[in-house]
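Peer 1: Below are the sequence and a predicted model for it; my questions follow.
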Amino acid sequence: MANHQEEETYQRVVAALDRHPSLRNYDLHIQVKGDVVHLQGIVDVLADKELVERVVRAVPQVRRVVNSLTISTDGKLTDEDVLREVEEELAMVRELRDISPAVKGGVVYLHGQAKTLAHERAAVEAAQKARGVREVVSRLSFPGTCDNATLKNRIERALRTHPQTSHLPVRTAVRRGSVVLQGTVIDQHQKMLVEEVAQSTLGVRRVINQLELDLRME
């Protein structure tokens with residue numbers, strides 16, 4: 001039997017998912033054990049599976065998500081069918097039209113060049129919207145690198161000039177294109193926003209988000 005804290009977390013998860021119209025029609029089984037949420041059920045596309053997990057992770061008190069959601073095959077889709085849908089999704093965004101996908105066994109491989117990590121993430125998320133996609137593997141390359149000091153300055157300048165992150169006590173460490181974010185923020189929204197700003201910075205190849213939540217500040 002769930003305790004009071006688990007029941008409260010469960011209700012928060014349900015409410016958070018209900019705020020997304022695209023997820024309301026899914027019959028999801030949600031189980032809370034301590035600060036871990038277990039998800040089961042069937043969704044139409046990989047994008048929805050990822051969205052459910054992101055929404056649940058953003059709920060206070062949730063520390064881990066076990067995502068066992070399965071993706072509907074929606075009939076027998078060939079790799080050619082999947083490729084055609086992925087190409088259509090990429091073509092809908094001008095910045096993604098130069099990216100070339102390939103499909104094997106329902107796994108999508110993205111080829112080409114990404115300007116930033118945010119650009120790469122947009123391509124992956126677009127491909128995830130296609131039916132029949134089981135996984136998306138990015139093989140995108142990035143433009144030239146820069147030294148650690150230059151990249152650190154770029155990131156810190158981006159955080160200072162963003163209206164929602166300029167006041168946050170975030171520390172950064174940079175090594176060979178990898179950025180470590182440290183400090184304390186109020187909630188998951190702030191944590192993810194800082195990560196998004198870092199991912200949008202030219203030259204960043206990887207973001208390690210070690211920001212901690214101070215729930216007392218909510």
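Peer 2: Here it is on my side, so go on.
Peer 1: what kind of secondary structure is the residue nearest the centre of the chain in?
Peer 2: The centroid of the chain falls nearest to residue 54 when counting by Cα atoms, centre = their mean (6.5 Å). Judged by DSSP: H, G, I helix; E, B strand; the rest coil, the three-state class of residue 54 is helix.
Peer 1: ok, it - contacts?
Peer 2: For residue 54, the contact set (Cβ atoms under 8 Å, 6 or more residues apart in numbering) is empty. Where you see a C-beta, it was placed from the backbone N, CA and C, and this is true even at glycine.
Peer 1: Need the pLDDT of it.
Peer 2: Residue 54 is assigned 91 on the pLDDT scale.
Peer 1: quick one: buried residues of stretch 141-152?
Peer 2: Using 16 or more other Cβ atoms under 10 Å as the test for burial, stretch 141-152 gives 142, 146, 148, 151, 152.
Peer 1: Report how far apart the opening and closing residues of it are.
Peer 2: 21 Å (Cα to Cα, to the nearest Å).
Peer 1: likewise stretch 132-141?
Peer 2: 25 Å.
Peer 1: picking up where we left off before, can you tell me how far the residue nearest to the centre of the chain is from residue 69?
Peer 2: 12 Å (Cβ to Cβ, to the nearest Å).
Peer 1: do residue 60 as well
Peer 2: Residue 60 is 22 Å from residue 69, by Cβ to Cβ.
Peer 1: Was I right to think residue 135 contacts residue 108?
Peer 2: Yes. Using Cβ atoms under 8 Å, residue 135 makes contact with residue 108 at a distance of 7.1 Å.
Peer 1: With neighbour numbers in mind, choose between those two.
Peer 2: residue 108 (26 against 13; other Cβ atoms under 10 Å).
Peer 1: Against residue 114, how distant is the more buried one?
Peer 2: Taking Cβ to Cβ, one finds residue 108 at 15 Å from residue 114.
Peer 1: following the longest strand belonging to the chain, which helix or strand comes up?
Peer 2: Determined from DSSP state E, the single longest strand within the chain is strand 178-185. Following strand 178-185 in sequence order, the next helix or strand is helix 188-199 (DSSP states H and E).
Peer 1: In helices, which of the buried residues of stretch 141-152 fall?
Peer 2: 148, 151, 152 (DSSP state H).
Peer 1: Can I get those in JSON lines including pLDDT and distance to residue 194?
Peer 2: Output for these, formatted as JSON lines (pLDDT from 0 to 100; distance: Cβ to Cβ, whole Å):
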{"residue": "148", "pLDDT": "90", "distance to residue 194": "19"}
{"residue": "151", "pLDDT": "92", "distance to residue 194": "16"}
{"residue": "152", "pLDDT": "93", "distance to residue 194": "15"}
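Peer 1: Okay, helices next: where are they in the protein?
Peer 2: 4-18, 46-57, 79-91, 117-128, 148-161, 188-199.
Peer 1: and the first one, which residues are buried?
Peer 2: So that's helix 4-18. Buried, per 16+ other Cβ under 10 Å, within helix 4-18: 6, 9, 10, 12, 13, 16, 17.
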